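Student: For reference, the sequence and a predicted model appear below.
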Amino acid sequence: RKEVEQDPGPFNVPEGATVAFNCTYSNSASQSFFWYRQDCRKEPKLLMSVYSSGNEDGRFTAQLNRASQYISLLIRDSKLSDSATYLCVVTNDYKLSFGAGTTVTVRA
Amino acid sequence: EPEVTQTPSHQVTQMGQEVILRCVPISNHLYFYWYRQILGQKVEFLVSFYNNEISEKSEIFDDQFSVERPDGSNFTLKIRSTKLEDSAMYFCASNVGQETQYFGPGTRLLVL
């Protein structure tokens, strides 16, 4: 079983739409959880950390369900600039484990 | 805003040659990492480094790989005898502790 599994998409959505996707992780001892964003051929950049209570950062909402080992990301009011690959990331000790990414394309 | 830098941005080498990829982590960071991403695949952990020694390494990080912090600022990844399958984007990252890791822009390595 993969450490981190994500729906690869792609999700093609119009501007202004809401899009949501999730990931699951296999190691119940994972300590920290993140969503990173990766643009084509660029480095991963932190989008937001994910907390058990759920958290929002502007148009982005992340949820963590430790019991189900499930993390989600919701993007409201999508912008063209949200087009990217979203990487679900968990930490085990100091090591980051990445999912393969979910591709989102926002069209005008 | 401080950032991780990497050189070179691109490297082309012949199979069997040695390459050294260089990184300058953010100055007050204590933990350093190398990751790689083969084209079209996920980002994979290679190695973590703290207090001048390797703290963890993956199965990918075999005897062909080594890391070093030769001075107070640089952090290097050496591949002794490159193989075709070493072609990938190599990312350096750093952080203070169990906090967010900040990634450099990567070195694209092509082994011919």
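Tutor: Cool, got the structure.
Student: And the pLDDT for residue 1?
Tutor: This is for chain A. On the pLDDT scale, A:R1 is placed at 72.
Student: ah, I was thinking of chain B
Tutor: 78.
Student: Count the neighbours of the closest residue to B:P105 other than its chain neighbours for me.
Tutor: Nearest residue to B:P105, sequence neighbours excluded (Cβ to Cβ, 6 or more residues apart in numbering or on different chains): A:E43, at 5.3 Å. (C-beta placed from N, C-alpha, C; glycine too.) Neighbour count of A:E43, defined by other Cβ atoms under 10 Å in any protein chain shown: 22.
Student: Which residues of chain B lie near chain A?
Tutor: Counting by Cβ under 8 Å from any Cβ of the partner chain, chain B comes close to chain A at B:31, B:33, B:35, B:41-45, B:48, B:50, B:55-56, B:58, B:89, B:91, B:93, B:98, B:100-106, B:108.
Student: which of these are buried?
Tutor: B:31, B:33, B:35, B:42-45, B:48, B:56, B:58, B:89, B:91, B:93, B:100-106, B:108 (16 or more other Cβ atoms under 10 Å in any protein chain shown).
Student: Strands - which of these land there?
Tutor: The strands, defined by DSSP state E, take in B:31, B:33, B:35, B:43-45, B:48, B:56, B:89, B:91, B:93, B:102-103, B:108 from those.
Student: ok, so of these, who is nearest A:A67?
Tutor: Comparing these against A:A67 with Cβ to Cβ places B:F45 closest, at 26.0 Å.
Student: For B:P2, see how far away the closest one is.
Tutor: 23 Å (Cβ to Cβ, to the nearest Å).
Student: Nearest spatial neighbour of A:D39, chain-adjacent residues omitted?
Tutor: Nearest non-adjacent residue to A:D39, counting by Cβ to Cβ, 6+ apart: A:A84, 5.2 Å away.
Student: What backbone torsions are found at A:L80?
Tutor: phi -60, psi -40 (degrees, to the nearest 10).
Student: Next SSE downstream of the helix or strand of chain A with the lowest mean pLDDT?
Tutor: Lowest by mean pLDDT, DSSP states H and E among the helices and strands of chain A is strand A:95-98, with a mean of 90. Using DSSP states H and E, the helix or strand that follows strand A:95-98 in sequence is strand A:102-107.
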